[in-house]
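**Q** just the structure for this:
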Amino acid sequence: MTEPTYQEIQYSVAHRVATITLDVPEKRNRISYLMRREIIQALRSAEEDDAVTVILIRGNGPSFSAGYDLTTAPKTDTGARSGAHYYRDDGVRPEGWVNAAEFNGWTDQWARSCVRDWYTIWNLLKPVVAMVHGHCVAGGTELMSMCDIVFVADDARIGYPPVRGMSTPDVPYFPWKMSMAHAKYLQLTGNSVTGAEAARLGWVVKSFPADRLEAETGRELRAISSIAPALLAANKHCVNQAYEIQGMKTHLDQSWSWRSFSGNVRPGASAFREQLEQGGLPSALEWRDGAFRKEGFA
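**A** Predicted structure coming up:
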């Protein structure tokens with residue numbers, strides 16, 4: 001089977017590892033609708049390929065991912081009241097997007113699509129490993145946090161600043177990745193932590209010096225890929241089931257309601273969008289993050 005040509009990712013297979021590389025380095029691998037579609041397509045290709053045992057997601061350039069592609073996109077019926085108006089829109093909706101008058105105003109199809117897309121990783125029969133360096137923020141952390149295993153550079157910067165002025169997370173992974181104390185602190189403040197701190201919190205499994213990240217991740221992948229794919233699948237879903245019994249899937253499936261309330265209904269919900277439209281992205285980010293930067297928080 002001929003592998004499709006990708007525009008915003010690279011895809012390769014070698015030594016039983018399929019590598020998906022986010023490849024828009026000049027924009028710090030911001031996640032567009034197109035990039036999301038290509039990631040999902042590559043994941044499914046790797047799942048079906050008997051030459052693949054484990055999948056690696058990494059980023060090209062200085063950062064893993066700066067998150068979803070913020071823009072002053074025109075307000076459309078499908079986007080203006082669902083939160084999608086924050087993000088660059090190529091006109092091709094994610095799979096499962098319901099574009100209907102009965103639902104556009106309150107169901108937050110954007111958030112539902114994010115959960116549905118990144119749940120592909122959770123449901124995949126093969127383990128997915130993320131290797132994170134540089135900045136990994138907002139939507140980038142959603143992608144990272146839904147991976148089965150995450151290795152990061154000690155000096156990476158990881159966080160979710162949109163909770164300071166936009167909405168709750170599209171994929172509210174915090175309670176499932178760390179203690180209640182840290183989950184509340186990071187989701188309420190939007191502060192970022194280093195990769196080394198993320199490892200201490202249990203958000204990721206290991207951190208390494210930046211100049212050793214690729215080599216150490218390679219060691220881990222070579223060991224993992226020696227295990228039979230069927231056994232890896234059984235062990236992955238044995239662990240997944242425990243979290244699903246605790247309610248993780250129910251929580252994530254209903255996250256769109258908090259995203260809709262906080263991003264559209266609450267008083268002041270449109271403030272970030274107004275800043276974005278009036279002064280552009282730098283102005284909007286200063287409005288959102290300025291008080292935290294003044295106090296020395298990332």
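**Q** what about residue 190, how many neighbours?
**A** If you count neighbours by other CB atoms under 10 Å, residue 190 ends up with 22. Heads up, the C-betas are built off the backbone N, CA and C, glycines and all.
**Q** tell me how far it lies from residue 32.
**A** Distance, residue 190 to residue 32, using CB to CB, to the nearest Å: 22 Å.
**Q** residue 96 now?
**A** Separation of residue 96 from residue 32 (CB to CB): 18 Å.
**Q** ok, these two, which is more surrounded?
**A** Comparing residue 96 with residue 32 by other CB under 10 Å, the one with more neighbours is residue 32, at 20 against 10.
**Q** excluding its backbone neighbours, what's nearest the more buried one?
**A** Nearest residue to residue 32 in three dimensions, chain neighbours excluded: residue 69, at 4.8 Å (CB to CB, 6 or more residues apart in numbering).
**Q** surely that neighbour meets residue 30?
**A** Yes. Contact criterion CB atoms under 8 Å: residue 69 and residue 30 qualify, at 4.2 Å.
**Q** for the two, indicate the residue with more neighbours.
**A** Ranked by neighbour count (other CB under 10 Å), residue 69 and residue 30 place residue 30 first, with 23 against 20.
**Q** need the contact list for that one.
**A** When the contact criterion is CB atoms under 8 Å, 6 or more residues apart in numbering, the partners of residue 30 are 24, 65-70, 88.
**Q** please report how far it lies from residue 283.
**A** In terms of CB to CB, residue 30 sits 18 Å off from residue 283.
**Q** and for residue 233, the neighbour number?
**A** Neighbour count for residue 233, taken as other CB under 10 Å: 15.
**Q** contact partners for it?
**A** 125-126 are the contacts of residue 233 under CB under 8 Å, 6+ apart.
**Q** change it to 10 Å
**A** Each residue near residue 233 by CB atoms under 10 Å, 6 or more residues apart in numbering is listed here: 47, 124-127.
**Q** quick one: which of those has the most company?
**A** For the contacts of residue 233, the largest number of neighbours (other CB under 10 Å) sits with residue 127, at 22 neighbours.
**Q** so that residue sits right up against residue 57, yeah?
**A** No. Using CB atoms under 10 Å, residue 127 is not in contact with residue 57; the gap is 11.3 Å.
**Q** overlap in contacts, the two.
**A** Overlap of the contact sets of residue 127 and residue 57 (by CB under 10 Å, 6+ apart) consists of 121, 147.
**Q** and the strands in the stretch 51-200 of the chain?
**A** Applying DSSP state E, counting those that start in this stretch to the stretch 51-200 of the chain gives strands spanning 54-59, 128-132, 135-137, 149-153, 157-159, 192-194.
**Q** mean pLDDT, mean neighbour count and distance to residue 165 added to those, as CSV?
**A** CSV is the format used below for the strands of the stretch 51-200 of the chain (pLDDT from 0 to 100; neighbours: other CB atoms under 10 Å; distance: least, CB to CB, whole Å):
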stretch, mean pLDDT, mean neighbour count, distance to residue 165
strand 54-59, 98, 25, 26
strand 128-132, 98, 26, 25
strand 135-137, 97, 26, 14
strand 149-153, 98, 26, 26
strand 157-159, 97, 24, 14
strand 192-194, 97, 19, 15
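**Q** let's have those strands in JSON lines, adding distance to residue 206.
**A** Listed next are the strands of the stretch 51-200 of the chain as JSON lines, based on distance: least, CB to CB, whole Å:
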{"stretch": "strand 54-59", "distance to residue 206": "14"}
{"stretch": "strand 128-132", "distance to residue 206": "11"}
{"stretch": "strand 135-137", "distance to residue 206": "15"}
{"stretch": "strand 149-153", "distance to residue 206": "5"}
{"stretch": "strand 157-159", "distance to residue 206": "14"}
{"stretch": "strand 192-194", "distance to residue 206": "13"}
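**Q** what about residue 174, how many residues nearby?
**A** Per other CB under 10 Å, the neighbour tally for residue 174 reads 22.
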